[in-house]
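1. Could you work out the structure for the sequence below:
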Amino acid sequence: AEKYNIYQLIMLNQEISAVKIGETKSNSAIISSLQPNNTYNYIVTAFNSKFQSPESDFSDIITIHTTPKSTPISVRNINNNMLEITFNNKIGTNSLNPAIFELYDYNNNLFLPSSAIISKGSIVLLSFANEMEASTYTLNINTFRDYYNNWTVDTTIEYQWDKIPTKDELFLTKLEFLGETLIKLHYNKEVDSTAINRNNYIFKPLGEALFVELDPLDHSAVMMNISQLFRNNGARGKNYTITATNILAKDRTPITNGPGNTLGFTISSPDLIDAYVYPNPIRKSENNDIYFANITQNAKITIQTIDGAEIIKLFENDGNGGVEWDGKDRNGNELPTGIYLFKVEGVNSKGEKVESKTKKFVILP
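-> Numbers count the residues shown, from 1 in each chain. Coordinates of the predicted model:
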């Protein structure tokens with residue numbers, strides 16, 4: 001393209017009109033005079049005077065939210081295992097990758113939360129597997145995309161963790177993946193037979209427990225086979241939660257109704273052996289979401305033509321093992337039908353640099 005035309009979608013006389021506001025010869029543009037706390041919608045066309053129809057069809061709608069950058073405004077521990085972080089903006093609807101949050105003590109020992117659940121849109125509840133000591137900690141909150149798809153402020157907070165008198169309640173402490181569809185769920189005390197009722201566990205946004213049994217060596221934990229939906233979806237960049245309900249401890253203490261009954265988790269791959277693109281083939285007529293899946297927590301995906309010319313690079317850096325793609329090149333042009341290549345480079349679970357084989361995918365009409 002010789003240039004790109006930028007149009008703003010504006011409501012005029014109860015109809016939406018596309019009003020040209022500028023153009024650019026690069027693959028980026030700066031739009032000024034935007035007012036704070038507003039939502040703006042834009043579309044883009046490519047222009048090439050050599051074509052019979054020099055201006056392309058409109059792009060998908062591009063939405064910009066001019067909210068203030070999301071930043072934490074308060075931190076408190078609501079018990080001895082959990083931190084509550086309140087942000088100034090809505091940051092999501094389900095859960096976040098726990099690795100975004102790093103807690104260091106005065107000896108620089110790192111404590112990573114086992115779960116990061118979003119509550120009421122703007123609150124994050126961090127669960128730690130063990131009780132934290134009363135001490136001063138440094139909390140690093142790495143930048144991530146908020147609800148409006150804007151990057152949050154990279155923040156460091158000094159926090160004094162004070163001991164809170166413990167209530168006699170049952171709550172979840174940790175979730176471990178033992179296999180592709182086998183998880184181990186830990187409670188803070190031994191549980192009774194209510195904990196092996198699969199109907200007492202709720203997964204969001206998808207999934208279910210198929211079979212649950214007590215860990216024979218640790219009755220404060222259960223082993224759970226989870227549904228084929230997780231295997232089918234794999235590590236596609238989704239964040240999941242599991243909520244325990246109607247569970248009793250051996251001493252008849254009920255599961256808490258508060259934040260301790262829910263844990264969040266993500267699925268990523270320890271290596272890049274089984275990295276794939278979904279769906280494959282990609283059918284333009286079906287307008288499916290496109291994912292690069294089963295990749296490591298940090299990875300770079302290079303998409304190429306069949307001749308090896310680079311089209312675009314995508315990055316996985318939020319730890320949930322998948323990257324969504326809009327099917328376009330680095331200039332925002334939709335790829336034509338054909339055969340394409342992709343290769344993934346990343347770091348495996350041992351901290352070693354790894355890369356996938358070069359693989360093919362197909363785009364059909």
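2. what are the ranges of the helices in the stretch 101-250 of the chain?
-> Counting by DSSP state H, counting those that start in this stretch, the stretch 101-250 of the chain has helices at residues 228-233.
3. for it, what are the low-confidence residue spans?
-> For the stretch 101-250 of the chain, applying pLDDT under 70 flags the ranges 228-238.
4. Contacts for stretch 103-116 next, please.
-> Applying C-beta atoms under 8 Å, 6 or more residues apart in numbering, the external contacts of stretch 103-116 come out as 83, 95-102, 124-129, 132-133, 135-140, 172-175, 262-265. The way it works is simple: take the backbone N, C-alpha and C, and place the C-beta from them, glycine included.
5. Just the buried ones from those residues, in PyMOL syntax?
-> Those of the contacts of stretch 103-116 that count as buried under 16 or more other C-beta atoms under 10 Å are selected in PyMOL with:
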select buried, resi 83+95+96+97+98+99+100+101+102+124+125+126+127+128+129+132+137+139+172+173+174+175+262+263+264+265
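6. Filter the contacts of stretch 103-116 down to just the ones in strands.
-> Counting by DSSP state E, those place 83, 101-102, 124-127, 135-140, 172-175, 262-265 in strands.
7. Would you map the strands across the stretch 201-350 of the chain?
-> Assigned by DSSP state E, counting those that start in this stretch, the strands in the stretch 201-350 of the chain fall at 201-204, 209-215, 218-226, 239-244, 262-266, 276-278, 282-283, 290-293, 299-305, 310-316, 323-325, 338-347.
8. Distance to Tyr148 added to the ones you listed, as TSV?
-> Shown next, in TSV, are the strands of the stretch 201-350 of the chain (distance: least, C-beta to C-beta, whole Å):
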stretch	distance to Tyr148
strand 201-204	21
strand 209-215	33
strand 218-226	31
strand 239-244	17
strand 262-266	20
strand 276-278	26
strand 282-283	28
strand 290-293	22
strand 299-305	25
strand 310-316	20
strand 323-325	16
strand 338-347	28
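9. of those strands, which approaches Ile157 most closely?
-> Closest approach to Ile157 among the strands of the stretch 201-350 of the chain (C-beta to C-beta): strand 262-266, 20.8 Å.
10. ok so, going back, quick one: closest of the strands of the stretch 201-350 of the chain to Ala29.
-> Here strand 310-316 is closest among the strands of the stretch 201-350 of the chain (C-beta to C-beta), at 18.1 Å.
11. Could you pull out the buried residues of that closest one?
-> Of all the residues in strand 310-316, those buried under the rule 16+ other C-beta under 10 Å are Ile311, Ile312, Leu314, Glu316.
12. Dump those into CSV; add pLDDT as well.
-> Converted to CSV, the buried residues of strand 310-316 look like this (pLDDT from 0 to 100):
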residue, pLDDT
Ile311, 91
Ile312, 90
Leu314, 87
Glu316, 75
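13. Nearest to Ser28 among these?
-> Using C-beta to C-beta, Ile312 comes nearest to Ser28 of the buried residues of strand 310-316, at 14.1 Å.
14. Now for the closest residue to the closest one other than its chain neighbours: which residues touch it?
-> Sequence neighbours aside, Arg330 is the residue nearest to Ile312 in space, at 4.5 Å (criterion: C-beta to C-beta, 6 or more residues apart in numbering). Counting by C-beta under 8 Å, 6+ apart, Arg330 touches Asn27, Ile311, Ile312, Lys313.
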